[in-house]
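Enquirer: predicted model, plus sequence, below.
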Amino acid sequence: MATAYLKTAEGVKTLELTKIADLPSETIWLDLLGPSREDERLVESFLGIDVPTEQEIEEIEDSSRFYQKNNSIYLTVTLLTRFETGQPTSTDIRFILTPHRLISVRYGESKPFKIFSSRLLRDREASESSDIMMERMLELVVDDLADILEETALKLDRLARKVFFSSAPGKAAESDAGSMDLKEMITEIGRYGEFISEARLSVFNMNRLLIFLSQTSVKWWQSDTRTRLQTLLRDIRSLTEHATFIANRVNFILDATLGMINIEQNKIIKIFSVAAVVFLPPTLIASIYGMNFHFMPELHWAYGYPVSLGLMIMAAVLPYWYFKRRGWL
């Protein structure tokens with residue numbers, strides 16, 4: 001689908017294009033969503049620029065993602081999408097910045113694009129030049145990444161309180177339901193880890209993009225564009241540090257949760273160990289007097305049975321009392 005945003009006397013208007021060849025000359029932004037190879041060829045022939053394929057957009061080296069050619073600037077940014085659904089994914093979007101218009105090539109929906117489109121239709125100033133539109137689009141991307149990191153940090157705060165302050169100190173071993181809660185927490189922590197990994201990928205890619213743009217020199221840029229880019233670069237660097245902090249915190253909470261699970265498992269193993277030690281001496285006594293030897297003096301003793309029972313009880317009580325006194329129970 002191709003959507004053209006046209007600059008008119010009344011403001012910016014949209015036009016859904018069935019044929020790229022029908023692109024009006026007053027187009028300031030051409031948004032290509034899931035274009036076919038035929039659409040890409042038509043754009044290349046009509047505008048005289050190279051339109052990357054989906055495979056070319058996914059290249060990771062800087063020389064393929066950020067470069068300048070024939071007075072046009074080619075930029076590829078990785079955006080985090082579908083965050084609100086709980087199953088975020090990353091998508092690569094290519095921007096082509098020319099002196100007269102902005103062209104975007106993408107293969108998935110993105111929240112910054114929806115916000116930018118609605119603002120562009122309301123704000124006439126956004127249609128002044130392609131570099132200003134590009135800068136405002138990047139500003140929305142940075143704001144969206146900041147919102148994602150802030151929301152994830154708040155969710156981690158709630159999860160941390162749930163992990164560290166859900167039970168009082170000295171509480172007995174939790175039930176199976178409590179252990180299952182810890183397992184569910186690990187799954188939730190892993191989900192947040194994926195969120196942060198995808199967000200950090202977008203943040204790092206934005207940092208590379210802004211560094212490239214700030215070092216690019218073109219004559220048709222507005223005078224304050226470079227200053228705005230420097231501000232965005234400072235913002236994205238602060239997000240990089242914040243994303244690293246959140247990632248470290250995710251690892252800390254994960255390690256703490258695994259440690260708690262190990263403690264619960266050790267409590268269960270300790271109970272079995274104590275039970276084995278307590279019942280081992282009585283079992284030994286019962287095994288001795290259960291042997292079928294003919295010459296065993298105690299077999300004909302009138303008090304042999306109660307004495308054997310007393311020995312077994314005492315052999316069980318003494319280890320338990322000793323463990324209790326040492327504080328092992």
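Expert: All right, it came through fine.
Enquirer: hey, let's count contacts and neighbours off CA atoms from now on
Expert: Noted.
Enquirer: element containing W29, please.
Expert: Element membership for W29 (DSSP states H and E) is strand 27-33.
Enquirer: name every strand pairing with that strand and say which way it goes.
Expert: Using DSSP bridges, strand 27-33 pairs in its sheet with strand 2-8 (antiparallel), strand 102-106 (parallel).
Enquirer: next SSE downstream of it?
Expert: For strand 27-33, the following helix or strand on the C-terminal side (DSSP H and E) is helix 37-47.
Enquirer: send me that following helix as PDB with only the CA atoms.
Expert: Extracted in PDB, the C-alpha atoms of helix 37-47 (Å, rounded to 0.1, in the frame of the first residue of the first chain):
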ATOM      1  CA  ARG A  37       8.900  -5.400  -6.200                       C
ATOM      2  CA  GLU A  38       6.900  -3.800  -9.100                       C
ATOM      3  CA  ASP A  39       6.000  -0.800  -6.800                       C
ATOM      4  CA  GLU A  40       9.700  -0.500  -5.900                       C
ATOM      5  CA  ARG A  41      10.800  -0.400  -9.600                       C
ATOM      6  CA  LEU A  42       8.100   2.200 -10.400                       C
ATOM      7  CA  VAL A  43       9.300   4.400  -7.500                       C
ATOM      8  CA  GLU A  44      12.900   4.000  -8.600                       C
ATOM      9  CA  SER A  45      12.100   5.000 -12.200                       C
ATOM     10  CA  PHE A  46       9.700   7.800 -11.300                       C
ATOM     11  CA  LEU A  47      11.800   9.500  -8.600                       C
END
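Enquirer: tell me the angle of that helix relative to strand 27-33?
Expert: Helix 37-47 runs at 160 degrees relative to strand 27-33, counting by axes from the mean of the first three to the mean of the last three C-alpha atoms, to 10 degrees.
Enquirer: list the buried residues of helix 37-47.
Expert: D39, E40, R41, L42, V43 (16 or more other C-alpha atoms under 10 Å).
Enquirer: now for it, which elements pack on it?
Expert: For helix 37-47, the contact count by 3 or more C-alpha pairs under 8 Å, 6 or more residues apart in numbering; DSSP states H and E identifies no helix or strand as a packing neighbour.
Enquirer: the helices in this structure, which residues?
Expert: Listed from the start of the chain, the chain has helices (DSSP state H) covering 37-47, 54-57, 62-65, 111-122, 130-164, 176-215, 225-288, 304-326.
Enquirer: now the terminal residues of stretch 217-230, how far apart.
Expert: The straight-line separation of the ends of stretch 217-230 (C-alpha to C-alpha, to the nearest Å) is 14 Å.
Enquirer: show me what it is in contact with.
Expert: Taking contacts as C-alpha atoms under 8 Å, 6 or more residues apart in numbering, the residues outside stretch 217-230 that touch it are N71, P99, S129, D131, I132, E135, L210, L213, S214.
Enquirer: before we move on, the earlier item: want to throw the strands paired with strand 27-33 into a markdown table with distance to M314?
Expert: Written out in a markdown table, the entries for the strands paired with strand 27-33 read as follows (distance: least, C-alpha to C-alpha, whole Å):
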| stretch | distance to M314 |
| --- | --- |
| strand 2-8 | 88 |
| strand 102-106 | 79 |
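Enquirer: can you tell me which of those the model trusts least?
Expert: Confidence, taken as mean pLDDT, is least for strand 2-8 of the strands paired with strand 27-33 (a mean of 83).
Enquirer: lovely, talk soon.
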